[in-house]
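Novice: Need coordinates for the following:
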Amino acid sequence: MKFSWSTGPPEDVDWCGSPGIGQKKQFDAAKKAGIKHIVLVSSMGGTQEDNMLNNIGEGKSGGPGNILAWKRKAEMYLMASGLTYTIVHPGGLKDEPGFKRRLKIGVDDEILSSKQRAIPREDVARVCVHAIKSPKYHNRSFDLSSFDEGDGSPTDDLDMLIESLEGKNCDYGKTPALI
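Specialist: I've put the predicted structure just below:
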């Protein structure tokens, strides 16, 4: 199975576009191929209608691209697909070494109200790899960022991190009706 990144309006890239692209098509192909668990890295901000990511890019109709709305639509499709899923909504991605910060986990964009909303890419990857191995991450959807380096001990126990949500997942009923 080969996946590639493509360009186009957010509806095509993040949902179900022209032949060969779109998350919906990737999920369907994975299911057909017998894949049992999908770990999806998406974006924080999906509960915010006025999030700046919804205003970049152009939609098929010439209006705003509504990137986060299309991402959320794909996430809801994945959750309803019958596949085991882990959906990670990282904050701003940093090109800095991982394993040096205390990680922060939440739901429904609550992290966006905090001062520090970014996370090293390496830490996002570490959580994703752990999600493949740990059943505690099965059928979970959450936001992820980190504290500033030196603000607390680096997070070592990723199972304890997800357990701190006490079973909460992102509430997709809070997704704005932009599309």
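Novice: In terms of pLDDT, where does the spatially most central residue of the chain sit?
Specialist: Nearest residue to the geometric centre of the chain (C-alpha atoms, centre = their mean): Ser42, 2.6 Å. Confidence at Ser42, expressed as pLDDT, is 95.
Novice: any idea how far it lies from Asp151?
Specialist: Noted for Ser42: a distance of 25 Å to Asp151, by C-beta to C-beta, to the nearest Å. Where C-beta positions appear, they are placed from N, C-alpha and C, glycine not excepted.
Novice: do Gln116 as well
Specialist: Distance of Gln116 to Asp151, computed by C-beta to C-beta: 8 Å.
Novice: Compare the two (neighbour count), which wins?
Specialist: Gln116 (15 against 11; other C-beta atoms under 10 Å).
Novice: Can you list phi and psi of that one for me?
Specialist: When read as degrees, to the nearest 10, the backbone of Gln116 gives phi -100, psi 110.
Novice: Check the spacing between it and Glu149 real quick.
Specialist: In terms of C-beta to C-beta, Gln116 sits 10 Å off from Glu149.
Novice: same deal with Ile119?
Specialist: As judged by C-beta to C-beta, Ile119 and Glu149 stand 11 Å apart.
Novice: Touching both of these two, which residues are there?
Specialist: Common neighbours of Ile119 and Glu149, using C-beta atoms under 8 Å, 6 or more residues apart in numbering, are Arg101.
Novice: So for those two, which sits in the more crowded spot?
Specialist: Ranked by neighbour count (other C-beta under 10 Å), Ile119 and Glu149 place Ile119 first, with 27 against 13.
Novice: Quickly note the distance from that one to Gly167.
Specialist: On the measure of C-beta to C-beta, Ile119 and Gly167 end up 23 Å apart.
Novice: just Gly150 next, same as before
Specialist: Remark: distance between Gly150 and Gly167 (C-beta to C-beta) = 31 Å.
Novice: With neighbour numbers in mind, choose between the two.
Specialist: Between Gly150 and Gly167, counted using other C-beta under 10 Å, the more crowded position is Gly150 (10 against 7).
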